[in-house]
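Trainee: Sequence plus the predicted model coming up.
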Amino acid sequence: MKTLTSIILILFFISFESYSQDEVSKTKVSEETIASGQRVFTNICAVCHINSSLSKTNGPSVGLLAGMSPKAIYSALTIGKMKLQASTLSDDERKAVAEFITKKSLQSTPMPEAAFTKFSLPEHPTYFSGYGGNLEGTGFINESDINASNVSKLKVKWVFAFPEGTQVRSKPAVVGDWLIMGSQFGNVYCINKKTGKIGWHFQADAGVRGAVAISGNPLKVYFADYATNVYVLDLKTGALIWKQRSGVHPQSAVTGSVAVFKNTIVVPITSFEVLSAQDPNYDCCTSSGEMVALDTKTGKIIWRHRVITEEAKVSGKKSNGKSFYGPSGAIVWGSPNIDTKRGLVYFGTGENYTEPATKTSDAIQALDLKTGKLIWTYQSTQNDTWNLACPGDPNCPEKAGPDLDFGMAPIIVKGGHDGKDVLIAGQKSGVVHALEPETGKIIWQTRIGKGGALGGIHWGMAVDGKQIFAANADNIYAIDNSDSSRNASPGLYALDIQTGKINWSQATPAVEQGKIQANSAAPLALSEIVFAGALDGHIRAYDKISGNILWDFDTVRKYETVNGIAGKGGSLDGPSPVVSDGILYVNSGYGSFSEIPGNVLIAFEVEK
């Protein structure tokens, strides 16, 4: 129970929400529950939650935490990112803490019977899936039904709401007339792309953050949950075929998407020790980023690659006299992509959590798909040691780095540079890198942003074969101020794939007070236009040639939904939108890092 203080602090950083009373349950909480939750909070947590704002030594107050939904707190403590830290609490204690903090009753909203429909699928349906829509991860769909001349006529067709949700970050897979996507609380829905009705539903053990993959013969559904469980489902029924945990470290997690090719499913492994480090008594840190390959038929692990080859050991003393452990970190936040021509898997890594720093952090790595053997490593930023204890707390490394991950999946572009294949990767430093796929050697580099912990290129880019479309976050709340000569420059950028030259840029439009001005979500490229979402909740369409904004829709509003659940839009962050058969699908809501919570998937169609 001693870790509950850090649990609640972590919940603030990861899932802070600002829902009003009419957007969550108003059922009265009993005085007994309030008293029980208050006892736990007072005895364990209050010492770090006595002020109304975050400081070096104090977590958020009860007043700030009260803006969260009770299900978000309870879910994190039971099946989500805080399951390990809350393992000593009883289920009643978890519920009581959630209800005391929010003064709202913890209850689930049932999905109405009218939200469901019959599932049917042709014998050989068309499909595309995965984080970038294909194995190469290009984020490009050669779609002409929505184009520069008609995009301004896009109107809302239907809206689907996720019960009690505060963020929508799983990218839908498309197969036939269906979208398949995960959700914050582990629900996986098969949704009719024309009507928004549910064909089938599956409940995973923890939240699903990444994209769903469709592959196999017959076709199956592949994904991983936050607790590193990998699932294979029957496409037609949603029934579980097998489940296998892929992580080995007790704090391992999956925030990226799986990639599937033939008989192999590749899973990216990160670690939430970055959060646990906020507890000064935590033995920080011992985990490493990993890439794990499983057999698609059995779930048997084929190989496991540790980004940091050596195991962590005592590496120094903290300011409180306890030991540091290292090397650690170099985690894999994003998704892998598979090069079928060379038989390689490419992925990016993040910062080291503790010293000593390694040569594999803030890097792109290439592995042999069959064996997991490391082929090459390209490191962009050296000596980047950082975790959420920084700055100044005992678990913060002495030489805290700038936190410049490769958070996105590298993109394979066939014939993209002088007729040769090229590997494109964007970094939180604000730099776009073009590399040789065989060696990892630099072809060119272009800086588009100031960069920082929440700046630069976060979630991805899109490439149509000629241009690279990169969203630059440059979030003013967490940018790299080491270079005072460069200003923050959030927006969308188009680069020439041959040279890296910036063809055009379009700044993120000004925002209302209290909102964040940044393009962080991955963009989607079509034949004539590019769609990109922003943290202020706007989805915009840009002309691919000029960069001019052709359409702008503010998703931050309440909606009547096709499934009868209360729906509200929020920040657009995470994966790109999806387009299929002339319909645009947009995730809206990202209740983390002071962004705007929301719980909807919005379908847009060109008005006839």
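Mentor: Done, it's in.
Trainee: Against W444, how distant is Q498?
Mentor: The gap separating Q498 from W444 is 9 Å, by C-beta to C-beta, to the nearest Å. To be clear about C-beta, it is placed using only N, CA and C from the backbone, and glycine gets the same treatment.
Trainee: Was I right to think K194 contacts D177?
Mentor: Yes: in this structure K194 lies within contact range of D177 using C-beta atoms under 8 Å: 6.2 Å.
Trainee: How many neighbouring residues does K399 have?
Mentor: K399 has 11 neighbours, counted by other C-beta atoms under 10 Å.
Trainee: which ones are touching the nearest residue to it once chain neighbours are set aside?
Mentor: Closest residue to K399 apart from its sequence neighbours, by C-beta to C-beta, 6 or more residues apart in numbering: T385 at 6.3 Å. Neighbour list for T385: G329, E351, N352, Y353, T354, E355, A357, P397, K399, A400, G401 [criterion: C-beta atoms under 8 Å, 6 or more residues apart in numbering].
Trainee: 6 Å instead?
Mentor: N352, E355, A357, P397, G401 (C-beta atoms under 6 Å, 6 or more residues apart in numbering).
Trainee: And the strands in the stretch 401-550 of the chain?
Mentor: Here the stretch 401-550 of the chain has its strands, by DSSP state E, counting those that start in this stretch, at 411-417, 420-426, 431-435, 442-447, 461-463, 467-472, 491-496, 502-507, 524-525, 529-533, 538-543, 549-554.
Trainee: higher neighbour count, K194 and D177?
Mentor: D177 (19 against 15).
Trainee: residues near the spatially closest residue to G216 that is not a sequence neighbour, how many?
Mentor: Among residues not flanking G216 along the chain, T296 sits closest, at 6.4 Å (C-beta to C-beta, 6+ apart). When neighbours are counted by other C-beta under 10 Å, T296 registers 22.
Trainee: T296 and N263 touch, don't they?
Mentor: Yes: contact criterion C-beta atoms under 6 Å: T296 and N263 qualify, at 5.1 Å.
Trainee: the domain parsing of the protein - what is it?
Mentor: 4-102, 147-169+409-608, 172-256+258-403 (automatic domain parsing).
Trainee: Could you say which one of those domains comes nearest to Y127?
Mentor: domain 172-256+258-403 (3.9 Å; C-beta to C-beta).
Trainee: May I have the distance across that closest one, first residue to last?
Mentor: 29 Å (C-alpha to C-alpha, to the nearest Å).
Trainee: that older thread, anything in contact with each of T296 and N263?
Mentor: Contacts common to T296 and N263, judged by C-beta under 6 Å, 6+ apart, are absent.
Trainee: what ranges do the helices span in the stretch 151-300 of the chain?
Mentor: 273-276 (DSSP state H, counting those that start in this stretch).
Trainee: Walking through it, point out its strands one by one.
Mentor: 154-161, 173-175, 178-181, 187-192, 198-203, 213-215, 220-224, 229-234, 240-245, 252-253, 259-261, 264-271, 290-295.
Trainee: I596 is nearest to which of those?
Mentor: Closest among the strands of the stretch 151-300 of the chain, using C-beta to C-beta: strand 154-161, at 15.3 Å.
Trainee: what distance separates that closest one from the middle of the whole chain?
Mentor: With C-alpha atoms, centre = their mean, to the nearest Å as the basis, strand 154-161 stands 23 Å off its chain's centre.
Trainee: what packs against it?
Mentor: strand 600-606 (3 or more C-beta pairs under 6 Å, 6 or more residues apart in numbering; DSSP states H and E).
Trainee: who touches the strand it packs on?
Mentor: Taking C-beta under 6 Å, 6+ apart as the rule, strand 600-606 contacts 150, 153-154, 157-161, 559, 567, 569, 583-588.
Trainee: Just the buried subset of these, please.
Mentor: Buried subset of the contacts of strand 600-606 (neighbour count, 16 or more other C-beta atoms under 10 Å): 150, 154, 157-161, 559, 567, 569, 583-588.
Trainee: so which of the residues you listed comes closest to V230?
Mentor: Nearest to V230 among the buried ones among the contacts of strand 600-606, with distances taken as C-beta to C-beta, is N587, at 22.5 Å.
Trainee: Would you agree the closest one falls within a helix?
Mentor: No: counting by DSSP: H, G, I helix; E, B strand; the rest coil, N587 is located in no helix; its state is strand.
Trainee: Which residue comes closest to it once chain neighbours are left out?
Mentor: In space, N587 is closest to V168, 4.1 Å off (C-beta to C-beta, 6+ apart).
Trainee: For that neighbour, grab the count of nearby residues.
Mentor: So V168, with other C-beta under 10 Å, has 32 neighbours.
Trainee: Please renumber the chain so that the first residue is 44 from this point on.
Mentor: Okay, using 44 as the starting number, the last item reads as V211.
Trainee: Okay, it and L644: tell me how far apart.
Mentor: Taken as C-beta to C-beta, the span from V211 to L644 is 6 Å.
Trainee: Output the strands of the stretch 194-343 of the chain in JSON lines; the columns should cover mean pLDDT and distance to V350.
Mentor: Formatted as JSON lines, the strands of the stretch 194-343 of the chain follow (pLDDT from 0 to 100; distance: least, C-beta to C-beta, whole Å):
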{"stretch": "strand 197-204", "mean pLDDT": "98", "distance to V350": "37"}
{"stretch": "strand 216-218", "mean pLDDT": "98", "distance to V350": "27"}
{"stretch": "strand 221-224", "mean pLDDT": "98", "distance to V350": "28"}
{"stretch": "strand 230-235", "mean pLDDT": "97", "distance to V350": "28"}
{"stretch": "strand 241-246", "mean pLDDT": "96", "distance to V350": "31"}
{"stretch": "strand 256-258", "mean pLDDT": "98", "distance to V350": "22"}
{"stretch": "strand 263-267", "mean pLDDT": "98", "distance to V350": "17"}
{"stretch": "strand 272-277", "mean pLDDT": "97", "distance to V350": "19"}
{"stretch": "strand 283-288", "mean pLDDT": "97", "distance to V350": "19"}
{"stretch": "strand 295-296", "mean pLDDT": "93", "distance to V350": "12"}
{"stretch": "strand 302-304", "mean pLDDT": "98", "distance to V350": "17"}
{"stretch": "strand 307-314", "mean pLDDT": "97", "distance to V350": "9"}
{"stretch": "strand 333-338", "mean pLDDT": "98", "distance to V350": "7"}
